[in-house]
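Asks: Let's see this in three dimensions:
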Amino acid sequence: MNALKNHLILFDAECPMCKMYTQSFVSLGILEKEGRTSYQELPEQACPMLDRQRAVNEIAMVNQETGEVSYGIQSLFKIFGVAIPFLRPLFEFTPFVWLMSKSYAFISYNRRVIIPPTTTESGLQPTFRLGYRIAYLIFTWMVTAYILSAYAASMDGLLPEDHLYREYLVCGGQILFQGIVIGFVDKEQLWVYLGNMMTISFAGALLLLPGVYVYRHFDLNVIYYAAWFMFVVGLMFLEHIRRSRLLTLGWIMTISWVTYRIFVLLLIILTK
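Replies: Coordinates of the predicted model:
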């Protein structure tokens, strides 16, 4: 692959995901070894044309020869346009550019609830966009509920027959329930906590996908599927504790999260 010369990409040092994918550009030879740095470390006078707040929201790419700056998906298009030249026409196709811009913004404005920072320094922070957070909650809610509905079939006999709407109500109910609890505990962290909580649910659902595949192709005892489900729930529990600590929320949100799950499980079993 060709490398983009004389360009500097500015990533968020507090974002593990940003560190990882920009480092992968260097490792793959798409960027020069000195072609990345965090915007936190860039001196104010180093790039007069840089909109620092926009660089916080959308990854910035600086042309070190001209000082020109691109942001967000256009920065990534510049990298891939050099590395994979035959894709350049696609990067100029308006509908594709629009779709990728929205997809990039969806991830970027939710990046700190997808993979939370372990430390947060003072200074400029990403702008909060409520629309993108709500879109993220809806997306993770729908996908998680869909996968859980598919997985529930593997535990037939342990749980009553799943109705199409059951898992959607369970997942949606947890968002509402935990939203009410966090409203009393720390209202300022409402959207941050809900984003983190649904990331945990979404990740747990993805871990159940192998079980869905196995169920559809192999005839295993229901106990195996129940055991895998409980293992995944245990991982989710540990991750909820970790993220609650990062948000300095203590134990109350984890206790309410578990309480809701136990209540719903008992309700489902009793209606068997």
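Asks: Low-confidence ranges, the protein, go.
Replies: For the chain, applying pLDDT under 70 flags the ranges 1, 120-122, 160-164, 272.
Asks: what ranges do the strands span in it?
Replies: Assigned by DSSP state E, the chain shows strands spanning 7-11, 36-38, 60-63, 69-71.
Asks: For the last one, which outside residues touch it?
Replies: Surrounding strand 69-71, the residues in contact under the criterion C-beta atoms under 8 Å, 6 or more residues apart in numbering are 47, 49-51, 54-55, 58-63, 78. In short, each C-beta sits where N, CA and C put it, glycine included.
Asks: chain center to stretch 209-223: distance?
Replies: Its chain's C-alpha centre and that of stretch 209-223 lie 27 Å apart, by C-alpha atoms, centre = their mean, to the nearest Å.
Asks: Domain ranges for the protein, per the record?
Replies: Residue ranges for the domains of the chain, per automatic domain parsing: 7-114, 130-270.
Asks: just checking, Gln53 touches Thr127?
Replies: Yes: counting by C-beta atoms under 8 Å, Gln53 touches Thr127, with 7.1 Å between them.
Asks: Could you check how many residues crowd around the nearest residue to Ile107 once chain neighbours are set aside?
Replies: Closest residue to Ile107 apart from its sequence neighbours, by C-beta to C-beta, 6 or more residues apart in numbering: Ile114 at 7.2 Å. Neighbours of Ile114 under the rule other C-beta atoms under 10 Å: 19.
Asks: Enumerate every residue touching Ile114.
Replies: Applying C-beta under 8 Å, 6+ apart to Ile114 gives the contacts 17, 107, 195, 199.
Asks: out of those, which is most surrounded?
Replies: Within these, Gly195 tops the neighbour count with 23 neighbours, counted by other C-beta under 10 Å.
Asks: Wait, that one touches Arg133, no?
Replies: Yes: between Gly195 and Arg133 there is a contact under C-beta under 8 Å: 5.9 Å.
Asks: hey, what's in contact with both of the two?
Replies: Common neighbours of Gly195 and Arg133 are listed as 110, 113 (criterion: C-beta under 8 Å, 6+ apart).
Asks: quick one on the thing from earlier: with distance to Met142 and mean neighbour count as added columns, please give the strands of the chain in JSON lines.
Replies: Below are the strands of the chain laid out as JSON lines (distance: least, C-beta to C-beta, whole Å; neighbours: other C-beta atoms under 10 Å):
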{"stretch": "strand 7-11", "distance to Met142": "30", "mean neighbour count": "23"}
{"stretch": "strand 36-38", "distance to Met142": "34", "mean neighbour count": "17"}
{"stretch": "strand 60-63", "distance to Met142": "32", "mean neighbour count": "22"}
{"stretch": "strand 69-71", "distance to Met142": "30", "mean neighbour count": "18"}
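Asks: Would you quantify the distance from the residue nearest to Ile59 when sequence neighbours are not counted to Met100?
Replies: Setting aside the residues directly before and after it, Ile59 is nearest to Ser75 in space (C-beta to C-beta, 6+ apart), at 5.3 Å. Distance of Ser75 to Met100, computed by C-beta to C-beta, to the nearest Å: 12 Å.
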